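# can't give you the sequence, but here's the structure:
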């Protein structure tokens, strides 16, 4: 048995993918694909608030004195946009590894660490390529 990856809760051999308590036969994994999970909820809300505030200020801006318009723009646009940017940077969307397992789509693995994700996905591609070579014999 050849082990392609073994670190933490993930182990990939020439026959099995083990993630935590889940276990998948490599030969039953098809259509391997990578995806990103949803963005941080607070970042999405802050971004929406900033965009809606721009629209509201554009509509009401001519009615306000210049100083009031600038203060409102700072509070209603710049602050939420900054929060959205910081949250999106520090709470990035998770990297996900998906496959069809016995005909159904399954999320096999998820992490926010891009280096570990690359290692796991490359190991799984190597293991599945070997499995395909064996099945053709």
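Received, thanks. Predicted model, so just to flag it, every value in this text is computed and none were measured. Numbering: from 1, shown residues only.
# Now residue 77: closest residue in space that isn't a chain neighbour?
Among residues not flanking residue 77 along the chain, residue 53 sits closest, at 4.8 Å (C-beta to C-beta, 6 or more residues apart in numbering). Yep, even glycine has a C-beta here, placed from its N, CA and C like the rest.
# Packing partners of the strand or helix carrying that neighbour?
Taking DSSP states H and E as the definition, one finds residue 53 inside helix 41-60. Packing partners of helix 41-60 (3 or more C-beta pairs under 8 Å, 6 or more residues apart in numbering; DSSP states H and E): helix 66-73, helix 79-90.
# picking that back up, the residue nearest to residue 77 touches residue 79, doesn't it?
No: between residue 53 and residue 79 no contact is recorded; they are 9.3 Å apart, counting by C-beta atoms under 8 Å.
# For stretch 26-39, what does the pLDDT average out to?
For stretch 26-39, mean pLDDT is 88.
# typed the wrong thing, it's stretch 70-84
Rounded mean pLDDT across stretch 70-84 is 78.
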